[in-house]
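Enquirer: Everything below, folded, please.
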Amino acid sequence: HGWTPTDLIFPFFVFIVGVAIPLAFQRRVEQGGTKHDLYLKVVRRSLLIFFISLIILHGFPYTLEKFSHIRIPGVLQRIAVCYFFTAMLFLTTRIRTQAIVGASLLLLYWAVMMLIPAPGFAAGDLSMEGSLASWVDRTLLPGHIYRPLYDPEGIFSTIPAIATCISGVLAGRWLQQKREPLDKVAGMFGIGALCVGVGYMWNWVFPVNKALWTSSYVMLTTGLALQLLALCYWAIDIKGYKRWTKPFVIFGVNALALFVLSGLMARILSVIPVTKMDGTPGTLKGWIYEHLFTAWLSPINASFGYALAYVLLWLGLMTILYRRKIFIKV
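Expert: Okay, here's the model as predicted:
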């Protein structure tokens, strides 16, 4: 239970996917697209995102043995599912219905997780072994989850993640309204503060937990995401402070390619055999880490240095694509 700054990254990503839905769909409609075109686009994009991650990332190294116990849930898989259901909801309902569905998903998830026991465990057990979400994953996807006991991107815990995406849609709809820019900023900050407060109060009875994507976690991270979005909107759109955003633009226009390729490289570095300094078997990733970082840095700084170097490496590679106007989309 609890959270750290890194636990904000995934829900912020799901949130901004939701924000993009009304903005992107409006542009397509203005360009002459029909609802039928949008439905097909949603289905196609969802399937591509899901199977790109499943086959390219989770299938590596590509052997029959690997595919026989391939992990089916995952980060991109969850994003694909959230995008599909949220986009379909956006296309078929009004904003009030969308808000009601999002709130209902959080309340339903809370009630089910706390009142319905997993077989062999007590109701309200939120442990790795005893939570209902863990039991659903073990039962429906045996041998195909992240850990033997549970999956942090599992089936049941994706339900509240859809609510996170819906909250992003509501924020996107708010940005589309014909209001003064500062009113939009104030509204997002105010609602964000309210969501954070609700998240902390809900935490007393349904703890903030990323792996379970609890309802309190959704409210907390949605509130913080709203406030960060308000800050960016104020700084970039209202004040015009744009120069600092360049690295984020470079990463953002090829976000899917960046995620897949950087993940694939990390896996490749972890399977290439290289002997370690002490003569024991190791990998190329370990060799790079030992020779370039731990040789002159303390363990915590070496870890930070490796991570920073990896990010800068991919910033350089993505900059090449950006300057050549190569944008990989699905």
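Enquirer: Identify the residue nearest the geometric centre of the chain.
Expert: residue 10 (3.3 Å; CA atoms, centre = their mean).
Enquirer: got a list of what the closest residue to residue 18 other than its chain neighbours touches?
Expert: Spatial nearest neighbour of residue 18, excluding adjacent residues (CB to CB, 6 or more residues apart in numbering): residue 168 at 2.2 Å. Where C-beta positions appear, they are placed from N, C-alpha and C, glycine not excepted. Contacts of residue 168 were listed using CB atoms under 8 Å, 6 or more residues apart in numbering, and they are 14-21, 86, 225.
Enquirer: let's see it at 10 Å
Expert: 11-22, 82, 86, 102, 222, 225-226, 229 (CB atoms under 10 Å, 6 or more residues apart in numbering).
Enquirer: of those residues, buried ones?
Expert: For the contacts of residue 168, a burial check counting by 16 or more other CB atoms under 10 Å picks out 11-19, 21-22, 82, 86, 102, 222, 225-226, 229.
Enquirer: Just those: which are in helices?
Expert: Those of the buried ones among the contacts of residue 168 mapping onto helices are 11-19, 21-22, 82, 86, 102, 222, 225-226, 229, per DSSP state H.
Enquirer: where do the helices sit along the chain?
Expert: Using DSSP H, helices in the chain cover 9-30, 35-52, 64-68, 75-92, 95-115, 132-140, 158-176, 181-202, 215-232, 246-252, 255-269, 284-289, 299-323.
Enquirer: got the ones you listed as a markdown table, with mean pLDDT and distance to residue 123 columns?
Expert: Listed next are the helices of the chain as a markdown table, based on pLDDT from 0 to 100; distance: least, CB to CB, whole Å:
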| stretch | mean pLDDT | distance to residue 123 |
| --- | --- | --- |
| helix 9-30 | 93 | 26 |
| helix 35-52 | 94 | 33 |
| helix 64-68 | 82 | 35 |
| helix 75-92 | 97 | 26 |
| helix 95-115 | 98 | 6 |
| helix 132-140 | 96 | 9 |
| helix 158-176 | 97 | 18 |
| helix 181-202 | 97 | 18 |
| helix 215-232 | 98 | 16 |
| helix 246-252 | 96 | 43 |
| helix 255-269 | 95 | 37 |
| helix 284-289 | 93 | 43 |
| helix 299-323 | 96 | 40 |
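Enquirer: mind checking which of the ones you listed is nearest residue 278?
Expert: Closest to residue 278 of those, according to CB to CB: helix 284-289, at 11.0 Å.
Enquirer: which other residues reach that closest one?
Expert: 265-277, 280, 282-283, 294-295, 302-303, 305-306, 309-310.
Enquirer: Repeat the analysis, applying 8 Å as the threshold.
Expert: By CB under 8 Å, 6+ apart, the residues outside helix 284-289 that reach it are 266, 269-270, 272-276, 302, 306.
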